[in-house]
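Colleague: pasting the sequence and the predicted coordinates here, then a few questions.
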Amino acid sequence: MAYVAIADRDHEQDHHDPDTFLTKYVWSQDHKVIGIQYGSLAIFTGVVALILSLMFRTQIGFPGALEAVTPYTYYQFVTMHGMIMVVYMLTALFLGGFGNFLVPLMCGSRDMVFPFLNMLSVWVFLLSVIILMASFFVPGGPTGAGWTLYPPQAIAEGTPGVDGGIVLMLLSLAVFIVAFTMGGLNYITTILQARCRGMTLMRMPLSIWGIFVATILGLLAFPALLVAAIMMLLDRLIGTSFFMPALLTLGEATDTRGGSPILFQHLFWFFGHPEVYIVALPAFGIVSDLLSVHARKNIFGYRLMVWAIVAIGALSFVVWAHHMYVSGMNPYFGFFFATTTLIIAVPTAIKVYNWTCTLWRGDIHFSLPMLWAIGFIFTFIHGGLTGLFLGNVTVDLPLSDTYFVIGHFHMVMGLSPFMVVFGGIYHWFPKMSGKMLNDTLGKMHFWLTFLGGYCVFLPMHYLGLLGMPRRYFFYGETQFIPDSATSVNEAITVAAFVVSAAQLIFFINLFWSLRYGKKADSNPWRATSLEWQTPDTPAKHGNWGHHLPVVHRWAYDYSVPGAKEDFIPQNVPKSDENPGSVH
Amino acid sequence: MFTLLFIMMLIAATVAWFVIQRLQDKPWLVQGVIASNHDRGGIFFSAPNVGLWSFLAVVASIFGVFTGAYYMRMDSSHGGVAMGVMEAWIPVGEPLLLWLNTAVLIVTSLCLEGARRAVTHEAIGKVRSALIAACVLTLVFVAGQVYAWQLVSPEVMTRSNAAYTFFVLLTAVHGLHLIGGLFVLTRAAARVSRDFDVDSKPAMAAIGQTVGLCATYWHFLLLVWAGIFALLLTS
């Protein structure tokens, strides 16, 4: 029995267009609206996390300047900053936001295959955010266990937020995973089942490849976090001993026996490392598309780029314990995980070389998305190289838990994905809204964020090499931290404020352009992929009018010799290599 | 290690599937419309089937991770005992009721398989009774599992004995998956029980699809239970 989803329908238009405000913007089942809802909510949580970081950064640069930051709240802010940025901001923004918006448009479908489930996904995500934010208002406040939530400390007396905060955090994570699973099943099924005619897997833009493989990683890796969260909830609420060993707390023995804290670390990082690539792979894909479009050149080594994405995805499951070199593992394990970690550098380096080769002798337009994409190459190479240091056990041991680690992962997982997020927003905003973003404001935003970001995270590497430990509320007088480190910390804090203020420019630009921005035509970047070939901009419900597009070529026909224009859209047949007509 | 092996198998299967999907094409050379799903006489797998199997991969991953955690936690107990500092891992001593429960779940699966076949013969009466039987038997199974929690000796039944808490946790998570499936199954049973139009092709196709998906889901959960039971028996 052939199943015909909304995504496959061609001629008939019998799916009901939403007509009321509620069905159009609130309870919408349209993937574009859901993508924007997901993205906006993720950005909101990101702003909360950014403000938290400014507060604890003020404490590090200028100890005692803010009364609100006590040792207790310091740990809470650090914890919430980390967890929100990694899970609720980046994962939700790349897969929920960009994934929802781009997958059906780039694959030539009318919508996701299960639109109702998709709507449910965004509302369950909202629920998880509400639960998380509620922890700020419960007695004791949010958890301060560090974003890795290591037991026994996370659920032992004396840790901030041990009453309600940790319970709400674990609950919120479990709910988030449910939301992600509903979304993830949709992305996978839509990419596999609802591509338009002619769109083979090897003709898909790399953005879709990145989102596709990242979703598979998410579906397989999030269960580890779910299992860990359930078991820790039981340890905390009914006193089981999954992770809790026999302990003395405040002089009294607990009832727990034989639990394994290391088990939690394994479960957490079995999720945690693929999580890095759940964020990175969509970023890799999107940046490939941005570079190709704005350099007017086909992506260099498309097949290798696809296989690199798949290889990185597969390898990401066998490197998790490189986060645990100092936890007392068997040395042979350290050797194994160091080797697998360094092997990941091979497909990653292939990608970096291919991006560079795409730029080589390209017709580079320094448009806004291109600036962010090139910025990403810088920050990513930087973060990747310090990753090679930390991947080696002997180098990692002295650097573990220092600012070097913070510098490394903020370069590779903080600054780099944000470069792509902004590049993506500047690139697809015309399709989302029908308006162009302001160029001058955008350039101010880029340079302040890019250079400012370097001012924040580059000096942290030096602090780490000095041996400055992370997670300290106050450093005081020490033998090994010189006065110059204090000055560097002050400078970092000032730079962090500048970068954060620069984000205001982005929001001003967003709202100003929505209202007064230059009107965008349907294909302002003269791109080949399908999302730019919709009959309406912004695309209407159902995306394609009466007929689904038919794909005749891959997504990277730029500057083809002999063609009239420097791009040939995917839906233009061979006989008619003139990009004027759409249908 | 089991988890690792399992994940690697899944990844290998995925990669093999990619190879079937013409990933060796050089897309910059190939132009024109390439035969795709739409041209092969309909879609080989239906979208809900792909969705279900993706979900089953998630479920498999959950129980795979649980299995890994189970072994690691057991090892940590044994290590502690060797050093003389921790209490032992006290094996549950699986109640005999679990064997009966297993039989009930097997019969449930058979009922659903019967329903799937009955749909193809358009024998709606058989579909109805098979679906209702499956609903009831699933409830019996879950109740039996919960009852089995009480049937162990008192010294096993402590919160700090991870062997027991794992037993409860694994059976509970498995049971919750079945109860989740019951939402779909009871709706399907209700649909065929009320003035169902046997002559309507779309209605028949829809019910066939739901029954097929439910059968796959129950078979899969039977397999998962077999795995859990084997894990419990051998440790």
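Modeller: Perfect, I can see it now.
Colleague: so which residues of chain A form strands?
Modeller: Here chain A has its strands, by DSSP state E, at A:248-249, A:252-253.
Colleague: in its sheet, what does the first one sit against?
Modeller: Neighbouring strands of strand A:248-249 in its sheet, by DSSP bridges, are strand A:252-253 (antiparallel).
Colleague: how far does the partner strand sit from the chain's center?
Modeller: In this view, strand A:252-253 has its centroid 43 Å away from the chain centroid, taken as Cα atoms, centre = their mean, to the nearest Å.
Colleague: now do it, average pLDDT.
Modeller: Mean pLDDT, computed over strand A:252-253, is 81.
Colleague: other residues contacting it?
Modeller: By Cβ atoms under 8 Å, 6 or more residues apart in numbering or on different chains, the residues outside strand A:252-253 that reach it are A:246-247. (C-beta placed from N, C-alpha, C; glycine too.)
Colleague: columns distance to residue A:302 and mean neighbour count on top of the strands of chain A, output as a markdown table?
Modeller: Output for these, formatted as a markdown table (distance: least, Cβ to Cβ, whole Å; neighbours: other Cβ atoms under 10 Å in any protein chain shown):
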| stretch | distance to residue A:302 | mean neighbour count |
| --- | --- | --- |
| strand A:248-249 | 58 | 10 |
| strand A:252-253 | 62 | 9 |
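Colleague: distance to residue A:315 for these - can I get that in a markdown table?
Modeller: Output for the strands of chain A, formatted as a markdown table (distance: least, Cβ to Cβ, whole Å):
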| stretch | distance to residue A:315 |
| --- | --- |
| strand A:248-249 | 41 |
| strand A:252-253 | 44 |
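Colleague: the residue of the stretch 351-500 of chain A found nearest chain B - how many residues pack around it?
Modeller: Residue nearest to chain B within the stretch 351-500 of chain A: residue A:358 (13.3 Å; Cβ to the nearest Cβ). Residue A:358 has 23 neighbouring residues, counting by other Cβ atoms under 10 Å in any protein chain shown.
Colleague: okay, it: pLDDT?
Modeller: pLDDT recorded at residue A:358 is 96.
Colleague: can you pull the contacts of the residue lying closest to it once chain neighbours are set aside?
Modeller: Spatial nearest neighbour of residue A:358, excluding adjacent residues (Cβ to Cβ, 6 or more residues apart in numbering or on different chains): residue A:300 at 4.5 Å. Residues counted as contacts of residue A:300 (Cβ under 8 Å, 6+ apart) are A:354-355, A:357-358, A:360.
Colleague: in the chain, where is pLDDT below threshold?
Modeller: Unless you meant another one, I'm taking chain A. Applying pLDDT under 70 to chain A flags residues A:1-17, A:576-583.
Colleague: um, chain B though
Modeller: Counting by pLDDT under 70, the ranges of chain B that qualify are B:1-3, B:18, B:20-24, B:34-44, B:79-87, B:195.
Colleague: the most far-flung residue of chain B relative to its centre is in what secondary structure piece?
Modeller: Most distant from the centre of chain B: residue B:29, at 43.7 Å, with distances by Cα atoms, centre = their mean. Using DSSP states H and E, residue B:29 sits within no helix or strand.
Colleague: one step back: so which of the strands of chain A gets nearest residue A:545?
Modeller: Closest approach to residue A:545 among those (Cβ to Cβ): strand A:248-249, 66.2 Å.
Colleague: what's next to the closest one, contact-wise?
Modeller: When contacts are defined by Cβ under 8 Å, 6+ apart, strand A:248-249 is touched by residues A:156-158, A:254.
Colleague: to residue B:196, which of the strands of chain A lies closest?
Modeller: Residue B:196 lies closest to strand A:248-249 among those, at 61.6 Å (Cβ to Cβ).
Colleague: now do that closest one: distance to the chain's middle.
Modeller: 39 Å.
Colleague: of the contacts of strand A:248-249, closest to chain B?
Modeller: For the contacts of strand A:248-249, the residue nearest chain B by Cβ to the nearest Cβ is residue A:254; the value is 9.2 Å.
Colleague: the closest residue to that closest one other than its chain neighbours: how many residues sit nearby?
Modeller: Excluding its sequence neighbours, the residue lying closest to residue A:254 (Cβ to Cβ, 6+ apart) is residue A:247, at 4.6 Å. Residue A:247: 15 surrounding residues under other Cβ under 10 Å.
Colleague: ok, residue A:247 touching residue A:156?
Modeller: Yes: assessed by Cβ atoms under 8 Å, residue A:247 is found in contact with residue A:156 at 6.9 Å.
Colleague: what about the closest residue to residue A:246 other than its chain neighbours, how many neighbours?
Modeller: Excluding the flanking residues, the one nearest residue A:246 by Cβ to Cβ, 6+ apart is residue A:257, at 5.2 Å. Residues within reach of residue A:257, counting by other Cβ under 10 Å, total 23.
Colleague: same thing with residue A:23?
Modeller: By the criterion of other Cβ under 10 Å, residue A:23 has 15 neighbours.
Colleague: contacting residues around residue 172?
Modeller: You didn't pick a chain, so chain A it is. So residue A:172 contacts A:128-129, A:131-132, A:135 (Cβ under 8 Å, 6+ apart).
Colleague: can you look at chain B instead?
Modeller: residue B:145.
Colleague: name the helix or strand for it, please.
Modeller: Residue B:172 is part of helix B:162-193, with elements assigned from DSSP H and E.
Colleague: follow-up on the earlier one: so the residue of the stretch 351-500 of chain A closest to chain B touches residue A:295, yeah?
Modeller: Yes: counting by Cβ under 8 Å, residue A:295 is a contact partner of residue A:358 at 5.9 Å.
Colleague: contact residues of the stretch 51-200 of chain A facing chain B?
Modeller: Contact residues, the stretch 51-200 of chain A versus chain B (Cβ under 8 Å from any Cβ of the partner chain): A:113-114, A:181, A:184-186, A:188-189, A:192-195, A:197-200.
Colleague: thought residue A:83 was touching residue A:169?
Modeller: Yes: the pair residue A:83 / residue A:169 is scored as a contact, 7.0 Å apart, by Cβ under 8 Å.
Colleague: name the residues contacting each of these two.
Modeller: Here residue A:83 and residue A:169 have residue A:132 as joint contacts, going by Cβ under 8 Å, 6+ apart.
Colleague: and the gap between the residue nearest to residue A:358 and residue A:361?
Modeller: 11 Å (Cβ to Cβ, to the nearest Å).
Colleague: ok, residue A:104 next?
Modeller: To residue A:361, residue A:104 is 34 Å away according to Cβ to Cβ.
Colleague: which one's more surrounded, these two?
Modeller: The residue with more neighbours, out of residue A:104 and residue A:361, is residue A:104; 34 against 9, by other Cβ under 10 Å.
Colleague: for the closest residue in space to that one that isn't next to it in sequence, which residues are in contact?
Modeller: Residue nearest to residue A:104 in three dimensions, not counting chain neighbours: residue A:31, with 5.0 Å by Cβ to Cβ, 6+ apart. With contact taken as Cβ under 8 Å, 6+ apart, residue A:31 is in contact with A:100-101, A:103-104, A:111-112, A:115, A:118.
Colleague: switch to 10 Å and redo it
Modeller: A:7, A:38, A:99-105, A:109-112, A:115, A:118-119, A:186-187, A:190, A:539, A:541, A:543 (Cβ atoms under 10 Å, 6 or more residues apart in numbering or on different chains).
Colleague: on that earlier part again, sort out which residues of the helix holding residue B:172 are buried, please.
Modeller: B:162-171, B:173-175, B:177-178, B:181-182, B:185-186, B:188-189, B:192 (16 or more other Cβ atoms under 10 Å in any protein chain shown).
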